[in-house]
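Visitor: any chance you could fold what I've pasted below:
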Amino acid sequence: FPKASIGDPIYQPGPYDGGTSADAVGALSWYQPIDTEKSNLIDAALWEPSSPDLMSDEILDIGVPRGLASVQVGDVIQKSGRTSGYTSAEVIDINATVSVGYGAFEADFHNQIITDVVGDPGDSGSAVLDMNPNLVGLLFAGSEYVTIHNHIRNVISAVGPVPPSPGEEAPLAVPLMLSNALLLLGLA
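Guide: Numbering: from 1, shown residues only. Prediction:
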């Protein structure tokens with residue numbers, strides 16, 4: 001998001017998928033800057049929808065998350081992403097330090113969840129859930145060998161309090177907004 005500014009339009013579909021200015025559905029309202037000089041904890045953003053009808057508690061092919069949880073090595077996670085759809089994978093590490101390439105620069109991240117490959121380019125921003133289904137992470141990077149996720153509690157901690165949507169439990173408001181935000185940015 002180094003090129004993004006608060007207030008930039010959010011498109012659905014995203015520009016990569018043919019979206020134009022006629023497809024604007026809201027605006028970027030917050031993002032975590034990426035620091036190239038020190039290790040980062042999350043890569044996430046939020047958007048403000050132009051209509052409340054654009055928000056949903058349901059995650060495609062998974063349903064409505066039950067709450068928040070943590071994962072352990074060996075657990076199985078699931079996600080529904082823009083490119084690869086519904087997939088699941090095994091957790092390999094829950095406290096990894098990785099270097100992620102962003103084209104023109106690289107950034108280090110610590111305290112990350114690593115799984116077998118569960119995503120493809122374009123799935124970034126997907127909510128990651130355990131099989132119960134509780135939110136556990138936010139997919140943000142990967143390679144041909146592994147996928148990297150932020151711990152959802154770290155994302156919520158960075159964002160701070162966000163009011164829930166009508167009828168939504170407060171602990172779920174932030175992760176669902178994050179997942180929808182990145183989906184509409186064309187990154188999920």
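Visitor: residue most distant from the centroid, the protein?
Guide: Most distant from the centre of the chain: Ala22, at 24.5 Å, with distances by Cα atoms, centre = their mean.
Visitor: A strand includes that one, no?
Guide: No - counting by DSSP: H, G, I helix; E, B strand; the rest coil, Ala22 is not found in a strand; it is helix.
Visitor: residue closest to the middle of this structure?
Guide: Centre-most residue of the chain, counting by Cα atoms, centre = their mean: Gly125, 2.6 Å.
Visitor: quick one: average pLDDT of the host helix or strand of Asp108?
Guide: If you go by DSSP states H and E, Asp108 is part of strand 106-116. For strand 106-116, mean pLDDT is 98.
Visitor: map the structural domains onto the sequence of this structure.
Guide: Domain ranges of the chain: 9-58+158-168+173-184, 76-155, per automatic domain parsing.
Visitor: which stretch among the ones you listed comes nearest Arg66?
Guide: domain 76-155 (5.4 Å; Cβ to Cβ). For glycine as for every other residue, the C-beta is placed from the backbone atoms N, C-alpha and C.
Visitor: follow-up on the earlier one: make sure the residue nearest to the centre of the chain is actually in contact with Gly137.
Guide: No - look at Gly125 against Gly137 with Cβ atoms under 8 Å: they stay out of range, at 11.3 Å.
Visitor: how far does stretch 21-39 sit from the chain's center?
Guide: Centroid separation for stretch 21-39 versus its chain: 12 Å, with Cα atoms, centre = their mean, to the nearest Å.
Visitor: mean confidence for that stretch?
Guide: Mean predicted lDDT for stretch 21-39 stands at 93.
Visitor: give the other helices and strands that the following helix or strand past the strand holding Asp108 contacts.
Guide: As assigned by DSSP H and E, the chain's next helix or strand after strand 106-116 is strand 127-130. Judged by 3 or more Cβ pairs under 8 Å, 6 or more residues apart in numbering; DSSP states H and E, strand 127-130 is in contact with strand 76-81, strand 135-142, helix 170-184.
Visitor: rank those by pLDDT, which is bottom?
Guide: Lowest mean pLDDT within the helices and strands packed on strand 127-130: helix 170-184, a mean of 46.
Visitor: for Ser56, phi and psi?
Guide: phi -150, psi 140 (degrees, to the nearest 10).
Visitor: deepest in the core, which of the domains of the chain is it.
Guide: domain 76-155 (a mean of 19; mean count of other Cβ atoms under 10 Å).
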